[in-house]
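> let me see the structure of the following:
(chains A and B)
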Amino acid sequence: MIQFFRGFVSGIFAMLFCLVFSPLYLSAAEGQEYIAIRKEGTGNIALVLDKLDAKGRKETRFAEILDATMHDGLDFTRLFSLISPPLNVKDNTDRKNVVINFPALTSVGAEVYAGGVVTMKSDMIILDMKVYEAAGSKLLLNKTYTGTEADLRSVGHAFCADLVELLTGKKSVFGSKIVFISNKTGFKEIYECDFDGYGVEQLTNSKSISMNPTLSPDGKNLAYIDFTSGRPTLYIRSLNGGRIAAVGKSSVSIDPGWRNNNEVAATLSFDGNQEIYLVNSDGTLSRRVTNGKSIDISPTFSPDGSKMAFVSSRNGLPQIFIQDLASGQVKRLTFSGRYNTQPSWSPAGDKIVYTTWEKGGEINIFTINADGSGLVQLTQRSGENKSPSWSPDGEMIVFSSNRLGKEKLYVMNLKGGNERLLLQVDGEQTQPSWSLFR
Amino acid sequence: MKRNSIIVFVLMVTAGCSSKSAVTPDDGRSSGQSSSSSSVSIPSSPSGYGFDEWQTGPLGDVFFDYDSAILSTEAQEQLKQNGGWMESNVSKSAIIEGHCDGRGTSEYNLALGDRRAASAKEYLVRSGITASRLETVSFGEERPFASGQSEEAWAKNRRAHFVVK
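Take a look at the predicted model:
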């Protein structure tokens, strides 16, 4: 249903594009141009998200659900300070012409105002949203979102996505998924949930050991390691058709990472040595990337696919290296810490997040610029923090931590703040991977 | 009276053997050295360095240092014995499973376990065992033998485990 909705929206988008081709619209869609309400590093956007207007019992009920969905969704991003609407925000005396009281908005410190109306046409729910800049009373967004009752969550999040993209110029977390491992059933199986921990679904039932699930950037394929065959084998599963390719040539397969929608890299040891290979999404080998006798694992790629960060023991203890795919040139990235593993390249391409196993037994998460500068520690004194993975907008990191005993999934912002539990499910949850959908 | 004490002695020896199966690889090693009769040649019953409650088959396990796939002298000694058994049982083949302790990160441990299994296999192949009779697999930190967070438990989990097919 959500897939259909996405298709529907993109269909409309394509139609609009054909009918009213406008360079300005195109550049806005590409995220080149955005409304810079928030100056770089100045904190959250002060937003009044007004209660949706609705007439009729059904409409009012859907409006309330959408109110909560949009409020919780925007709150999850931690990009906004959500200010309650002042009582006199709307002048409704003239029923036909609702007037927004902009001075009242600026007096409570609001920078942006968002409000809308819910109506129905047969079984379709129609959400008309308007976004204004409070200070200049300028209309920033005027858009209609449509869906059935089952689509309510994605309808609300479609608006949230537009709002975030409009105000930050970046792709948002809305619509993205997190795949992870849970041992809830007694076996390590792969699960999926929405970006905010909602809608947990079990994806495998192999009653074996599954590891390191990761979705292709387009969300169509899932790569993972599974022991069903008796040995750790790389599987690539098409989520639409259910086709599963096993890369079975190998003796042992380790930790896949997508380079683009068609190529996933993983360590395979079928020729006696552990080497990183690029594998096509149909399971056929594309080419070998590394060549050495040491451990080379955990490939992660720059957004353009030209560079690969990975873990190597070529200098003894595991450290993170970057290899240029065209030239084959390899450069060591990490020099601090004796055991650095689990790299993940940020969607913007500037940073790499990874974990350090510290002497005292803690495992902590760090970010480092791709040029080796700007090392930042994100977690501390909180046990073992593992498997960091970026949100598609690069604003958040999901990871697992045993800080309260059992391993659970947490999210935090890219500076290590706002750490919070992502979801409460029985058992232990590990190895989260956030989809890119780029 | 004399007969009774002999029976008691025999019982103690057997009891000693079975209880030794629960001790650490280090203790197993020293016990193997102390009873000189069992460390000279292939033991008639599995005991000593490579054998414990998780390895009671004909092929002994070998143990590794922290973050290492290098074969110690004791490990090489055990592999020689395993090689001898493989030579005299040519119809048999074996799976060598690489295992790690649960510290560090699981992907790296999967790689390390693979290297442990591979170095055990390499030793046996060099000593003349046909490569196709030896299959390797890694379980990383996924299937620990001993539970608990102590050096004693970790040492038991850093091993190449032999399973005869």
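> now the stretch 101-250 of chain A against chain B: closest residue?
With Cβ to the nearest Cβ as the measure, A:R231 is the residue of the stretch 101-250 of chain A nearest to chain B, at 4.5 Å. The way it works is simple: take the backbone N, C-alpha and C, and place the C-beta from them, glycine included.
> ok so that residue is a strand residue?
No. Going by DSSP: H, G, I helix; E, B strand; the rest coil, the assignment for A:R231 is coil, not a strand.
> make sure B:E97 is indeed in a helix.
No. Looking at B:E97 with three-state DSSP, it is strand, so not inside a helix.
> hmm, back to that, neighbours of the residue of the stretch 101-250 of chain A closest to chain B, how many?
Neighbour count of A:R231, defined by other Cβ atoms under 10 Å in any protein chain shown: 21.
> before we move on, what about B:S91?
5.
> give me the most central residue, the chain.
Looking at chain A here, since you left the chain open. Nearest to the mean C-alpha position of chain A, by Cα atoms, centre = their mean, lies A:S391 at 3.1 Å.
> my bad, the chain I had in mind was chain B
Most central in chain B under Cα atoms, centre = their mean is B:D61, positioned 1.8 Å from the mean C-alpha point.
> and it, what does it touch?
Contacts for B:D61 (Cβ atoms under 8 Å, 6 or more residues apart in numbering or on different chains) come out as B:G50, B:F51, B:D52, B:W54, B:Q55, B:Q78, B:R159, B:A160, B:H161, B:F162.
> which ones among the residues you listed map onto helices?
B:Q78 (DSSP state H).
> from A:V155, how far off is the closest residue to A:D123 other than its chain neighbours?
Excluding the flanking residues, the one nearest A:D123 by Cβ to Cβ, 6 or more residues apart in numbering or on different chains is A:T148, at 5.9 Å. Relative to A:V155, A:T148 is positioned 9 Å away (Cβ to Cβ, to the nearest Å).
> same check, this time on B:G50
64 Å.
> quick one, which of those two is more surrounded?
Remark: of B:G50 and A:V155, B:G50 carries more neighbours, 29 against 25, as counted by other Cβ under 10 Å.
> look up the closest residue to that one, ignoring the ones flanking it.
Per Cβ to Cβ, 6+ apart, closest to B:G50 is B:G60, 2.0 Å.
> backbone phi and psi for that neighbour, please?
phi -80, psi 150 (degrees, to the nearest 10).
> didn't it look like it was pressed against B:D52?
No. Applying Cβ atoms under 8 Å, one finds B:G60 not in contact with B:D52, separated by 9.3 Å.
> give me the neighbour count for the closest residue to A:L423 other than its chain neighbours.
Ranked by Cβ to Cβ, 6+ apart and with sequence neighbours excluded, the top spatial neighbour of A:L423 is A:G197, at 3.4 Å. Look at A:G197: counted by other Cβ under 10 Å, it has 18 neighbours.
> please, which helix or strand holds A:G197?
Remark: A:G197 resides in no helix or strand, with elements defined by DSSP states H and E.
> quick one: it and A:V179, what's the gap?
For A:G197, the distance to A:V179 - Cβ to Cβ - is 13 Å.
> tell me the residues on chain B that lie near chain A, please.
B:67, B:103-108, B:110-112, B:114-115, B:118, B:136-140, B:142 (Cβ under 8 Å from any Cβ of the partner chain).
> give me the buried subset of these.
Those of those that meet the buried threshold are B:67, B:103-108, B:110-112, B:114-115, B:118, B:136-140, B:142, by 16 or more other Cβ atoms under 10 Å in any protein chain shown.
> now, the residues you listed that are in helices?
B:S106, B:E107, B:Y108, B:L110, B:A111, B:L112, B:D114, B:R115, B:A118.
> beta partners for the nearest residue to the fourth one once chain neighbours are set aside?
This means B:L110. Sequence neighbours aside, B:G140 is the residue nearest to B:L110 in space, at 3.5 Å (criterion: Cβ to Cβ, 6+ apart). Note on B:G140: beta-bridge partners by DSSP bridges are B:H99.
> verify the stated contact: B:G140 with B:L112.
Yes. Using Cβ under 8 Å, B:G140 makes contact with B:L112 at a distance of 7.3 Å.
> what touches both of those two?
B:G98, B:C100.
> may I have the beta-bridge partners of the closest residue to B:G57 other than its chain neighbours?
Excluding the flanking residues, the one nearest B:G57 by Cβ to Cβ, 6+ apart is B:V164, at 5.5 Å. Bridge pairing for B:V164 (DSSP bridges) gives the partners B:A94.
> give me the number of residues near B:V164?
Count around B:V164 with other Cβ under 10 Å applied: 14.
> over to A:R57?
Neighbours of A:R57 (other Cβ under 10 Å): 8.
> measure it to A:A63 for me?
The separation that A:R57 has from A:A63, given Cβ to Cβ, amounts to 11 Å.
> cool, A:S229 as well?
A:S229 is 52 Å from A:A63, by Cβ to Cβ.
> same question, A:L325
51 Å.
> between these two, who's got more neighbours?
The neighbour count for A:L325 versus A:A63, taken as other Cβ under 10 Å, is higher for A:A63 (22 against 17).
> give me every residue that touches that one.
Counted by Cβ under 8 Å, 6+ apart, A:A63 has contacts A:K51, A:L52, A:D53, A:A54, A:V118.
> try A:V164
Applying Cβ under 8 Å, 6+ apart, the residues near A:V164 are A:L74, A:T77, A:L79, A:K170, A:S172, A:F174, A:D393.
> and the closest residue to A:K177 other than its chain neighbours, how many neighbours?
Nearest residue to A:K177 in three dimensions, chain neighbours excluded: A:S435, at 4.6 Å (Cβ to Cβ, 6+ apart). With neighbours defined by other Cβ under 10 Å, the count for A:S435 comes to 24.
> A:S435 and A:I178 touch, don't they?
Yes. At 7.2 Å, A:S435 counts as touching A:I178 under the criterion of Cβ under 8 Å.
> up against chain B, what does the stretch 151-300 of chain A have?
A:188, A:209, A:211-212, A:225, A:227, A:230-232, A:251-252, A:254-255, A:267, A:269, A:272, A:274, A:295, A:297-298.
> if we use 6 Å, what do you get?
A:I209, A:R231, A:V252, A:I254, A:D255, A:S269, A:Q274, A:I295, A:I297, A:S298 (Cβ under 6 Å from any Cβ of the partner chain).
> and the residues you listed, which two are furthest apart?
A:I209 and A:I295 (19.8 Å; Cβ to Cβ).
> out of these two, which sits in the busier spot?
More crowded of A:I209 and A:I295, by other Cβ under 10 Å: A:I295, with 26 against 20.
> for chain B, give me the ranges with low pLDDT.
B:1-46 (pLDDT under 70).
> now do the same contact list for the residue nearest to B:L110.
B:C100, B:S106, B:N109, B:L110, B:G113 (Cβ atoms under 6 Å, 6 or more residues apart in numbering or on different chains).
> A:A161 now?
A:S172, A:F174.
> quick one, grab the pLDDT at it.
Per-residue pLDDT puts A:A161 at 95.
> what's the next secondary structure element after the lengthiest helix in chain A?
Longest helix in chain A by number of residues, with DSSP H as the criterion: helix A:57-77. Using DSSP H and E, the next helix or strand after helix A:57-77 towards the C-terminus is strand A:80-83.
> per-residue confidence averaged over that next one?
95.
> what does the helix or strand following that strand rub up against?
Sequence order places strand A:90-91 as the next helix or strand after strand A:80-83, per DSSP H and E. Contacting residues not belonging to strand A:90-91 are listed as A:V98, A:V99 [Cβ under 6 Å, 6+ apart].
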